[in-house]
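1. here is a sequence with its predicted model. Questions after.
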Number of protein chains: 2
Amino acid sequence: MGLRELKRERTRRLIADKAFELFTDHGFGRTTVEQIAAAAEVGPSTLYRYFPTKETLVLEFVEDCLLGAVAWFREQPEVELPDGLQSVIERVLEQLDGNPVRVRAVFDLAAQTASVSAHLNEMTWRFRNELTDELVRRLAGDDPQDAEFTAALAAGIAMNIIETVVRSWVENPDGAEVKELARRAMTLLRGGGIPLPTAGVPGS
Amino acid sequence: MGLRELKRERTRRLIADKAFELFTDHGFGRTTVEQIAAAAEVGPSTLYRYFPTKETLVLEFVEDCLLGAVAWFREQPEVELPDGLQSVIERVLEQLDGNPVRVRAVFDLAAQTASVSAHLNEMTWRFRNELTDELVRRLAGDDPQDAEFTAALAAGIAMNIIETVVRSWVENPDGAEVKELARRAMTLLRGGGIPLPTAGVPGS
DNA sequence: CCAGATTTTGGCAGTGACTACCGTATGGCA
DNA sequence: TGCCATACGGTAGTCACTGCCAAAATCTGG
């Protein structure tokens, strides 16, 4: 690796770290990109070359967790589906679990600022889309239309588990561990502990 | 109702309609709020008094569908849970189904513009939160911690069904009807047609 | 019908995110 | 060392959005 890419990685990290620092100290809305650029000792245009929006400065970490897990899943074509889904979920949760400070800060910022929350949601949507595509590929044996439908539902459930577990974990830090929460969610889903809507004929 | 509220409603509608018109004609990004204000023959400050952000001009309709269904659900405390969930889902889908042009336009705009997509996701998140709260209230008999968890999963599944059905409906207009799609999703979920993650001990 | 209280409105000035562009500096390579 | 590609900083500009204030429209009591 050349000196160029090294410095690029370094400035990128520097900007992200300074931004994170300023956000947690003064809040997302009260921090301007010029302040971040100044703190990282670069020009605003340089900052925008690395991070297209202010929100990406906060959420790159989450993005890497989610999309990285899908990328990993794509490269394990021999794994059976239910186990594969579980692995994806566990992979994401493990990485988030490994950096609780960052996760907590991200949640705080998202709770304060609508645009961060919106960006976070968009990221989960991208995760769902990519996971759906990969699931469709693996369900190709079935009727293609139905495969798309089934895959979308399965991916949504996976994302749902992740969101619910992380949320529960963030909201009561003294509760169960992430792995335990994930297992409980899966057991509830499989065991019928969730009040699913009935498929019968509607009343009206 | 006085003249004041009448004119207020009228201006509100006028602004929203003109905005919708301009968005579908020229795209979301290529339409400025000043253009919308000019088309509706009001000042920009007036527009901002009615709609806090540019995105709300597009998504108010969806918001009404989602949050309206939850509000309705809140006022039906005697309904049993699975049937209630199904009613909420059907209520949302019926309203969306009743205005396909608007739904299609919203999806097109969301596909084009990240900020619209983000806002749309934030709205579904709000729906999930409110639905979760109401479910928690009805699951009060159970262990409270577990109730929160179960409710969040159930609300997520409900939202998941709605998203998947609407998406499938929008993407192939000649396919099955919304009601049929919803029934299929629920049958898949109940009948175990979805590859759920296993709850067993992880491999590693 | 009219004066006064209240609400709504439009314009104006300003902030800040984000874009396009351009001359310059710096690392990579022959 | 000299050439090329890339990265950088700065400038000017657009646009979403916010506060503020004076004027117009609406409601209310006489």
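-> On my side now, so go ahead.
2. what helices and strands are in contact with the helix or strand bottoming out on mean pLDDT in chain A?
-> Within chain A, no helix or strand scores below helix A:100-112, which has a mean of 86 by mean pLDDT, DSSP states H and E. The contact analysis (3 or more CB pairs under 8 Å, 6 or more residues apart in numbering or on different chains; DSSP states H and E) places helix A:100-112 against helix A:3-26, helix A:56-74, helix A:114-138, helix A:144-171. C-betas here are computed from N, CA, C, even on glycine.
3. where in chain A is pLDDT low?
-> Chain A contains residues with pLDDT under 70 at A:1, A:142, A:145, A:198-204.
4. how about a cut-off of 80?
-> A:1, A:141-146, A:191-193, A:196-204 (pLDDT under 80).
5. residue numbers of it in contact with DNA strand C?
-> A:2-4, A:7, A:31-34, A:44-45, A:48, A:52-55 (CB under 7 Å from any atom of the strand).
6. what about 6 Å?
-> Taking CB under 6 Å from any atom of the strand, the part of chain A that reaches DNA strand C is made up of A:G2, A:L3, A:R4, A:T32, A:V33, A:E34, A:S45, A:Y48, A:P52, A:T53, A:K54.
7. what comes into contact with the least confident helix or strand of chain A?
-> A:20, A:23-24, A:27-29, A:58-59, A:61-62, A:96, A:116-117, A:120, A:166, A:170 (CB atoms under 8 Å, 6 or more residues apart in numbering or on different chains).
8. now for those: which two are most distant?
-> Maximum pairwise distance among the contacts of helix A:100-112 (CB to CB): 24.7 Å, between A:G29 and A:L96.
9. give me the more crowded residue out of these two.
-> Between A:G29 and A:L96, counted using other CB atoms under 10 Å in any protein chain shown, A:L96 has the larger neighbour count: 22 against 14.
10. so the more buried one is in which element?
-> helix A:81-97 (DSSP states H and E).
11. for that helix, C-alpha coordinates in PDB please.
-> Coordinates of each C-alpha in helix A:81-97 appear next as PDB, following Å, rounded to 0.1, in the frame of the first residue of the first chain:
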ATOM      1  CA  LEU A  81     -31.100 -21.100   5.100                       C
ATOM      2  CA  PRO A  82     -32.300 -21.000   8.600                       C
ATOM      3  CA  ASP A  83     -28.700 -21.400  10.000                       C
ATOM      4  CA  GLY A  84     -27.500 -18.800   7.500                       C
ATOM      5  CA  LEU A  85     -30.000 -16.300   8.600                       C
ATOM      6  CA  GLN A  86     -29.100 -16.900  12.200                       C
ATOM      7  CA  SER A  87     -25.500 -16.400  11.400                       C
ATOM      8  CA  VAL A  88     -26.100 -13.100   9.700                       C
ATOM      9  CA  ILE A  89     -28.100 -11.900  12.700                       C
ATOM     10  CA  GLU A  90     -25.400 -13.100  15.200                       C
ATOM     11  CA  ARG A  91     -22.700 -11.500  13.100                       C
ATOM     12  CA  VAL A  92     -24.300  -8.100  13.200                       C
ATOM     13  CA  LEU A  93     -25.100  -8.300  16.900                       C
ATOM     14  CA  GLU A  94     -21.600  -9.500  17.800                       C
ATOM     15  CA  GLN A  95     -20.000  -6.500  16.000                       C
ATOM     16  CA  LEU A  96     -22.400  -4.100  17.600                       C
ATOM     17  CA  ASP A  97     -21.900  -5.700  21.000                       C
END
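12. and it with chain B, contact?
-> Yes. Using CB under 8 Å from any CB of the partner chain, we find that helix A:81-97 touches chain B at A:L81, A:P82, A:D83, A:L85, A:Q86, A:S87, A:I89, A:E90.
13. and the residues you listed, which two are the farthest apart?
-> Going by CB to CB, the pair spanning those furthest: A:L81 and A:E90, at 14.8 Å.
14. residues of chain A that sit close to DNA strand D?
-> A:R4, A:R8, A:T11, A:V42, A:G43, A:S45, A:T46, A:R49.
15. using CSV, lay out those together with distance to B:E75.
-> Putting the residues of chain A next to DNA strand D into CSV (distance: CB to CB, whole Å) gives the following:
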residue, distance to B:E75
A:R4, 63
A:R8, 57
A:T11, 56
A:V42, 55
A:G43, 56
A:S45, 54
A:T46, 55
A:R49, 53
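16. who's in contact with the closest residue to A:A151 other than its chain neighbours?
-> Sequence neighbours aside, A:L135 is the residue nearest to A:A151 in space, at 3.6 Å (criterion: CB to CB, 6 or more residues apart in numbering or on different chains). Residues near A:L135 by CB under 8 Å, 6+ apart: A:L81, A:A147, A:T150, A:A151, A:A154, A:A155, B:P195.
17. swap the cut-off to 10 Å and go again
-> Listed by CB atoms under 10 Å, 6 or more residues apart in numbering or on different chains, the contact partners of A:L135 are A:73, A:81, A:84-85, A:88, A:147-148, A:150-155, A:158, B:195.
18. now it: how far from A:E75?
-> 15 Å (CB to CB, to the nearest Å).
19. buried subset of the residues of chain A next to DNA strand D?
-> A:T11, A:V42 (16 or more other CB atoms under 10 Å in any protein chain shown).
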